[in-house]
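Asker: The following block contains a protein sequence and its predicted model.
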Amino acid sequence: MYEEVSIEQKKYLHKLKTKKRLIIVLQIFLLISIFVVWEVLTRLNLIDPFIFSSPSRMVNTFLRLSKDGSLFVHVWTTLWETMVGFLLGTVFGIIIAIILWLSETCSKVLEPYLVVMNALPKIALGPVFIVWMGAGSVAIITITIAVSLIVTVLEVYTGFLETDAEKIRLVQSFDASKKQILTKVVLPSSFPVIMNALKVNVGLSWVGVIVGEFLVSKAGLGYLIVYGGQVFQLDLVMTSVVVLAVLAAFMYFGVQTLGKWISKKY
Amino acid sequence: MVSAVKVENISKTYHTVGGEIAALENISFDVFQGEFVGIVGPSGCGKSTLLSIIAGLLEPSSGQISIFGEKLSGVNPKIGYMLQRDSLFEWRTIYKNVILGLEIQNQLTQDRKQHVEYLIKKYGLENFKNHHPSQLSGGMRQRAALIRTLAVDPDILLLDEAFSALDYQTRLAVNDDIYKIIKTEGKTAIIVTHDISEAISMSERLYVMSKRPGKIKMQLDVNFDIEDRTPLSSREAPLFRQYFNQVWKELDVHV
């Protein structure tokens, strides 16, 4: 394995590296050109900046909001609601999946309910939660949990069921208890499925929070977007959307990095 | 002399919505300490079912199993079970895989750990202790799986098509390797396989099973008169072909 690297191998690696670099350059180029074209089109008045906003106006809005500190209030509100909703949705989802796995009867009984609840657009429950919990963060977080919970349950439970039967037999031959089967085989072998569910949940949590904020809130990026739309301040809307995209991307990569770190450690 | 494993009138019927399936019918035999006993039969004859029953993972419909004279009920620590694939856990290192049984049985004592270290060293896995299973060859993985079984110190080993996932060449080598280890450790073994050559090369006594419902059709004592017999040297013995033909005829395979 540690022999001297041949010229061909070096060439191959070089080619691979060049290609990788090219792709990154193109990706950045695409991003910049979208914004440049956008800016140019609005400057030339080919599209109306009042309706489409423009990168320069968004930068101004961003700076203005940052200076008076209101941006951080909104970002913070949305961010913590998303985090809490994400964590609770994921944790409860995994716990319910474990309960279903432990009791076959339980899973059989609940199956039709889960299927229907999965098909139901959870957003429809928004008004109900608002009536029950009041117009505020608690209702928003509840909507977020509702959006991600059932998907997590179904995905993780399916993952549990796909555990290699022979591995389970193996630990049974060591007289493992049901709890040991869960912790020694089922949970670790479902780790990729759980990580996948987490990644999906990041996206879903943002959906839940933004919709929740559309419906009730007085702060948060969802609120800024709705408010901006109502008063025809598209600069505000677009700026909030871009901030949102950046935050969502960071959270996604955070979860991905966490997954890689954990799987490397164990 | 008390049999290591005494199988008495074992029958097993599976129940499904579509009806009953008789898998095993009235199986009886004895395995004595230190013996290597083979069970061959066509696919679906219930030989794996039989092994699961001896392993205590499955209840027989009737009959009973005794291990060193004691009636078997449930999983018994005197019995080690090796399955078709090595089933090493990819998320554990080889060492962590090997101590899995001890961990589950809550027996990670200093003594046991030392014994595991000794086995790992003796059977050449020392340099792979911290590797993950995918970094090992098929043969090495099988060794690791065997050491995992030996770690809990069973007296009797059950091998359920334990080599069927390996390619032919590796399989011949692994047969030899595992056989020698089991003999060195002085264990009793029952090996179930559909491979006639494998069964003959490894066993001192052989039971041939019929198609479903599985019954014992023939008992064959395998004796090659060679010193320090191994599966590979057995395969070279002149008698090997004779045994093979005898079993082949008895199995009565039709396409």
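Answerer: Noted; the coordinates are in hand. Numbering: from 1, shown residues only, chains lettered A, B, ... in the order given.

Asker: who in the stretch 151-266 of chain A is up against chain B?
Answerer: A:164, A:166-167, A:169-176, A:180, A:184-185, A:188-189, A:191, A:263, A:266 (C-beta under 8 Å from any C-beta of the partner chain). For glycine as for every other residue, the C-beta is placed from the backbone atoms N, C-alpha and C.

Asker: Which members of the residues you listed occur in helices, if any?
Answerer: A:166, A:167, A:169, A:170, A:171, A:172, A:173, A:180, A:188, A:189, A:191, A:263 (DSSP state H).

Asker: What's the ChimeraX line that selects buried ones from the residues of the stretch 151-266 of chain A next to chain B?
Answerer: Burial among these is assessed by 16 or more other C-beta atoms under 10 Å in any protein chain shown; the matching ChimeraX selection reads:
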select /A:167,169,170,171,172,173,174,175,176,180,184,185,188,189
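
Asker: which residues in the stretch 51-200 of chain A form helices?
Answerer: Taking DSSP state H, counting those that start in this stretch, the helices of the stretch 51-200 of chain A run over residues A:55-67, A:70-102, A:104-119, A:126-133, A:137-161, A:165-173, A:178-180, A:187-189, A:191-215.

Asker: coming back round to it: wait, which of the ones in helices among the residues of the stretch 151-266 of chain A next to chain B is closest to chain B?
Answerer: Nearest to chain B among those: residue A:173, at 3.8 Å, using C-beta to the nearest C-beta.

Asker: what residues are up against the closest one?
Answerer: Contacts for residue A:173 (C-beta atoms under 8 Å, 6 or more residues apart in numbering or on different chains) come out as B:55, B:57, B:75, B:79, B:80, B:81, B:83.

Asker: go with 10 Å
Answerer: B:52, B:55-57, B:75-76, B:79-83, B:101, B:104, B:149, B:152, B:154, B:158, B:160 (C-beta atoms under 10 Å, 6 or more residues apart in numbering or on different chains).

Asker: Kindly report the same for residue B:239.
Answerer: Listed by C-beta under 10 Å, 6+ apart, the contact set of residue B:239 reads B:200, B:222, B:223, B:224, B:225, B:226.

Asker: With residue B:2 instead?
Answerer: Applying C-beta under 10 Å, 6+ apart to residue B:2 gives the contacts B:30, B:32, B:33, B:66, B:67, B:68, B:69, B:70.

Asker: do residue A:260 as well
Answerer: Residues near residue A:260 by C-beta under 10 Å, 6+ apart: residue A:195.

Asker: Confirm it sits in a strand?
Answerer: No - remark: residue A:260 does not belong to a strand; assigned using DSSP: H, G, I helix; E, B strand; the rest coil, it is helix.

Asker: where does residue B:236 land on pLDDT?
Answerer: Residue B:236 is assigned 85 on the pLDDT scale.

Asker: got it, and residue B:254?
Answerer: On pLDDT, residue B:254 comes in at 68.

Asker: Residue B:7 too?
Answerer: With respect to pLDDT, residue B:7 has a value of 90.

Asker: Spell out the secondary structure type for the nearest residue to it once chain neighbours are set aside.
Answerer: Nearest residue to residue B:7 in three dimensions, chain neighbours excluded: residue B:29, at 5.2 Å (C-beta to C-beta, 6 or more residues apart in numbering or on different chains). What three-state DSSP gives for residue B:29 is strand.

Asker: Out of the contacts of residue B:2, flag the one nearest to chain A.
Answerer: When these are compared for distance to chain A (C-beta to the nearest C-beta), residue B:67 wins out at 14.1 Å.

Asker: so what's that closest one up against?
Answerer: Residues near residue B:67 by C-beta under 10 Å, 6+ apart: B:2-6, B:31, B:54, B:56, B:76-79, B:155-156.

Asker: same thing with residue A:229?
Answerer: A:214, A:236, A:237, A:240.

Asker: Give me the buried entries from the residues you listed.
Answerer: A:214, A:236, A:237, A:240.

Asker: The first one and chain B, how far apart?
Answerer: With distances defined as C-beta to the nearest C-beta, to the nearest Å, the gap from residue A:214 to chain B amounts to 42 Å.

Asker: how near is the residue nearest to residue B:7 to chain A?
Answerer: From residue B:29 to chain A the distance is 21 Å (C-beta to the nearest C-beta).

Asker: circling back: quick one: which of the contacts of residue B:2 has the most company?
Answerer: Within those, most neighbours by other C-beta atoms under 10 Å in any protein chain shown means residue B:67, with 21 neighbours.

Asker: which stretches of the stretch 151-255 of chain B have low pLDDT?
Answerer: Within the stretch 151-255 of chain B, the segments meeting pLDDT under 70 span B:254-255.

Asker: Tell me which residue of it lies closest to chain A.
Answerer: For the stretch 151-255 of chain B, C-beta to the nearest C-beta, closest residue to chain A: residue B:152, 6.7 Å.

Asker: Might one say that that residue is in contact with residue B:119?
Answerer: No - between residue B:152 and residue B:119 there is no contact under C-beta atoms under 10 Å: 11.3 Å.

Asker: Between these two, tell me which one has more neighbours.
Answerer: Neighbours were counted for residue B:152 and for residue B:119 using other C-beta under 10 Å; residue B:152 has more, 23 against 19.

Asker: What count of nearby residues applies to the nearest residue to that one once chain neighbours are set aside?
Answerer: Closest residue in space to residue B:152, ignoring its immediate chain neighbours: residue B:101 at 4.1 Å, by C-beta to C-beta, 6+ apart. Residue B:101 sits with 26 neighbouring residues when counted by other C-beta under 10 Å.

Asker: Helix or strand: which one has residue B:101?
Answerer: Using DSSP states H and E, residue B:101 sits within helix B:100-104.

Asker: List of residues touching the helix or strand just after that helix?
Answerer: Using DSSP H and E, the helix or strand that directly follows helix B:100-104 along the chain is helix B:110-122. Residues from elsewhere that reach helix B:110-122 (C-beta under 10 Å, 6+ apart): B:94-95, B:98-99, B:101-102, B:105, B:107-109, B:125-129, B:143-144, B:146-148, B:150-153, B:181, B:184-185.

Asker: taking the mean pLDDT, what do you get for stretch B:66-79?
Answerer: Stretch B:66-79 carries an average pLDDT of 89.

Asker: do stretch A:20-30 as well
Answerer: Mean predicted confidence for stretch A:20-30 is 96.

Asker: likewise stretch A:193-207?
Answerer: 91.

Asker: How about it, which residues are buried there?
Answerer: Residues of stretch A:193-207 classed as buried under the neighbour-count rule (16+ other C-beta under 10 Å) are A:193, A:194, A:195, A:197, A:198, A:201, A:202, A:204, A:205, A:206, A:207.

Asker: Looking at the contacts of residue B:2, which are in strands?
Answerer: Judged by DSSP state E, the subset of those located in strands is B:30, B:66, B:67, B:70.

Asker: The residue lying closest to residue B:123 once chain neighbours are set aside in helix, strand or coil?
Answerer: Spatial nearest neighbour of residue B:123, chain neighbours left out: residue B:143 (5.6 Å); criterion: C-beta to C-beta, 6+ apart. Look at residue B:143: counting by three-state DSSP, its state is helix.

Asker: how much space between residue B:143 and residue B:182?
Answerer: 12 Å (C-beta to C-beta, to the nearest Å).

Asker: Neighbour count: those two, which is higher?
Answerer: residue B:143 (25 against 22).

Asker: I'd say that one and residue B:86 touch.
Answerer: Yes - Residue B:143 is within contact range of residue B:86, at 9.1 Å (criterion: C-beta under 10 Å).

Asker: Overlap of the contact sets of the two?
Answerer: residue B:136.

Asker: Next up, the contacts around the residue nearest the centre of chain A.
Answerer: Taking C-alpha atoms, centre = their mean, the centroid of chain A lies closest to residue A:202, which sits 1.6 Å from it. Shown in contact with residue A:202 (C-beta under 10 Å, 6+ apart): A:82, A:86, A:90, A:148, A:248-256.
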